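S.K.: Got a predicted structure here, sequence first:
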Amino acid sequence: MNRRTVFVLFVLVLGLTLLQGCAAKTAHRAQAGPLGTAAAGEEEAIPEDETYPDSLETVNRGIFAFNDGFITHLFSPVDTVYTGFFPQDVRNGFGNFYRNLGYPVRLVNALLQLRLDKVAKETASFALNTVFGVGGLFNVTRNMPGLQSSPEDFSQTLAFYGLGSGTYVVLPFLGSTTVRDVVGTVADSFLHPLSLITPDSARYALIGHDKANTASANLPAYKTLKEESFDHYTSMKDVYFQYRRGLEQE
């Protein structure tokens, strides 16, 4: 069974799960009747368990504890060496390069959502950063408000067409996501230029460095949230959903 066949089957299975979740949510709201409708000018009050679905909480908490242990005892010491070896400006350059490289993903999803304004912004930003930013290492459009837009991915495209997020999921090493976001991530990986890199060892090395560099940038915020949270797991889940829903609304 080749890679594309596996991908199609994966999307179909998770897509069916997602559609079942959407159907259940629709039925729940239909039963609510008039009480489920907010008054004019007011936001609808949605129960928290529906707002942030987490039907796998027991399993998720176990994986979350494993990930936290990995971050605390392994990744943090490695990150200390990494940040000591590469100055902040260099690490920012890495992040700029990988983001610029992901232009095809943002472009295709903006097109699928009929967001022509974002298509224009992403294209102009990509062209300027590639030509004048040394292949994207420097974000020359950073201070150009007219070229700023939120990133688009396939999960946001699915949301645009009415599919719910599905339940919250915590993956080993990768952390917070949802059923819909997993489908979106797999679909986007086929559009990303890194998927074309050969040999496989070089592709995995670049993908791993991209993820590690992003994790390094987010590590201080992660530690701060952990110190200030009564329940670190719940806080991380809330932050994740708020971030993703913020992207969907932009």
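M.R.: Yep, that arrived.
S.K.: pLDDT below threshold where in the chain?
M.R.: Applying pLDDT under 70 to the chain flags residues 1-51.
S.K.: how about the strands in it?
M.R.: 168-171, 175-178 (DSSP state E).
S.K.: Which one, of those strands, ends up nearest to L128?
M.R.: Closest to L128 of the strands of the chain, according to C-beta to C-beta: strand 175-178, at 31.7 Å. Just so you know, the C-beta spots here come from the backbone N, C-alpha and C atoms, and that holds for glycine as well.
S.K.: got the residue ranges for the helices in the chain?
M.R.: Assigned by DSSP state H, the chain shows helices spanning 3-32, 48-51, 57-70, 76-85, 88-101, 103-112, 116-132, 154-160, 179-189, 200-228, 232-249.
S.K.: how about the strands of the chain in CSV, adding distance to S201 and mean neighbour count?
M.R.: Output for the strands of the chain, formatted as CSV (distance: least, C-beta to C-beta, whole Å; neighbours: other C-beta atoms under 10 Å):
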stretch, distance to S201, mean neighbour count
strand 168-171, 23, 20
strand 175-178, 24, 20
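S.K.: Nearest spatial neighbour of T178, chain-adjacent residues omitted?
M.R.: S165 (4.3 Å; C-beta to C-beta, 6 or more residues apart in numbering).
S.K.: what's the answer for L137, then?
M.R.: Per C-beta to C-beta, 6+ apart, closest to L137 is G93, 4.4 Å.
S.K.: Tell me which residues are up against stretch 137-156.
M.R.: Contact with stretch 137-156 is made by 92-93, 96-97, 99-100, 102, 105-106, 109-110, 112-113, 115, 117-118, 121-122, 124-125, 128-129, 132-133, 178, 180-181, 183-185, 187-188, 244, 247-248, 250, as judged by C-beta atoms under 8 Å, 6 or more residues apart in numbering.
S.K.: What residues sit buried inside that stretch?
M.R.: 137-141, 147, 149, 152-156 (16 or more other C-beta atoms under 10 Å).
S.K.: Work out the gap between that stretch and the centre of the chain.
M.R.: 15 Å (C-alpha atoms, centre = their mean, to the nearest Å).
S.K.: And stretch 112-128, by the same measure?
M.R.: For stretch 112-128, the distance to the chain centre is 19 Å (C-alpha atoms, centre = their mean).
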